[in-house]
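Peer 1: Need the 3D shape of this:
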Amino acid sequence: MSTTPTDNPSAALHESIRTRWSPREFLDRPIAAEDIRTLFEAARWAPSCFNEQPWRFVVATKDRPEQFARILGVLVEKNQEWARSAYLIGFSAARKTFSHNSTPNRFGLYDTGAAAGSLAIQATTMGIRVHFMGGFDAGRARTEFGVPEDFEIGAAFAAGYIDENSVLPPTRSRKPLAEMVFAGNWGQSADFAE
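Peer 2: Take a look at the predicted model:
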């Protein structure tokens, strides 16, 4: 097996990973309840430490305008402007302790991120796009929705359909692997990453 990188390393990636991106404009089109369930099934099957599955999601769809407005209200104004066009919005939370022994689970948010990533990839395979956000008031979300103290608020998100013909994804760029994957010592890039 060659360790020489290809001219286009992303070409070998699965299409749903390579084509995933985060839009800020959605069509006024509902997502079927069974499709929303499929998105969260993908999240449910993500890996987690001790199979804890610490993730929880608070969500609302446009067909329930009062619930939708409550979640939209915890987003910062700039995110409210575009997220209001999504059909599904929500936020994640991660349990801070293990359920089997109540000790701290320092992997809770990590595992919740894996669940969110699974949701995003599943969405892409279904023609649905997801945009995750840090721009929201986590404290207000906790209070507004009664999130217990044993849960750490994660990220907010918006999901919906886009017009694939009229909206071009932004240029996507990523740092080189050599800046992310080390072997031996911190900062020493792994051979395959160069």
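
Peer 1: show me where pLDDT drops low in the protein?
Peer 2: 1-11, 166-170 (pLDDT under 70).

Peer 1: how about the strands in it?
Peer 2: Under the criterion DSSP state E, the chain contains strands at 55-61, 88-95, 129-133, 151-160.

Peer 1: Using CSV, write out every CA atom in the first one.
Peer 2: Only the C-alpha atoms of strand 55-61 are listed here, as CSV (Å, rounded to 0.1, in the frame of the first residue of the first chain):
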residue,chain,number,x,y,z
TRP,A,55,-26.6,12.5,23.9
ARG,A,56,-30.0,14.1,24.1
PHE,A,57,-31.6,16.4,21.6
VAL,A,58,-34.3,19.1,22.1
VAL,A,59,-35.9,19.7,18.7
ALA,A,60,-38.8,21.5,17.0
THR,A,61,-40.3,21.5,13.5
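
Peer 1: between it and strand 88-95, how many degrees?
Peer 2: Interaxial angle of strand 55-61 relative to strand 88-95 (axes from the mean of the first three to the mean of the last three Cα atoms, to 10 degrees): 160 degrees.

Peer 1: Ok, which of the strands of the chain comes nearest residue 176?
Peer 2: For the strands of the chain, the distance to residue 176 is smallest for strand 129-133, at 23.1 Å, taking Cβ to Cβ. Where C-beta positions appear, they are placed from N, C-alpha and C, glycine not excepted.

Peer 1: Please name every helix or strand in contact with the closest one.
Peer 2: Applying 3 or more Cβ pairs under 8 Å, 6 or more residues apart in numbering; DSSP states H and E, we find strand 129-133 packed against helix 77-83, helix 108-125, strand 151-160.

Peer 1: so who does the spatially most central residue of the chain touch?
Peer 2: Closest to where the C-alpha atoms of the chain average out (Cα atoms, centre = their mean) is residue 116, at 3.8 Å. Going by Cβ atoms under 8 Å, 6 or more residues apart in numbering, residue 116 touches 43, 55, 92, 132, 154, 155, 157.

Peer 1: correct me, but the fourth one touches residue 119?
Peer 2: Which is residue 132. No. Between residue 132 and residue 119 there is no contact under Cβ atoms under 8 Å: 9.6 Å.

Peer 1: Please identify which of these two sits among more neighbours.
Peer 2: Ranked by neighbour count (other Cβ atoms under 10 Å), residue 132 and residue 119 place residue 119 first, with 26 against 18.

Peer 1: Run a quick neighbour tally on residue 46.
Peer 2: For residue 46, using other Cβ under 10 Å, the count is 17.

Peer 1: How about it, nearest residue that isn't a chain neighbour?
Peer 2: Nearest residue to residue 46, sequence neighbours excluded (Cβ to Cβ, 6 or more residues apart in numbering): residue 115, at 4.0 Å.
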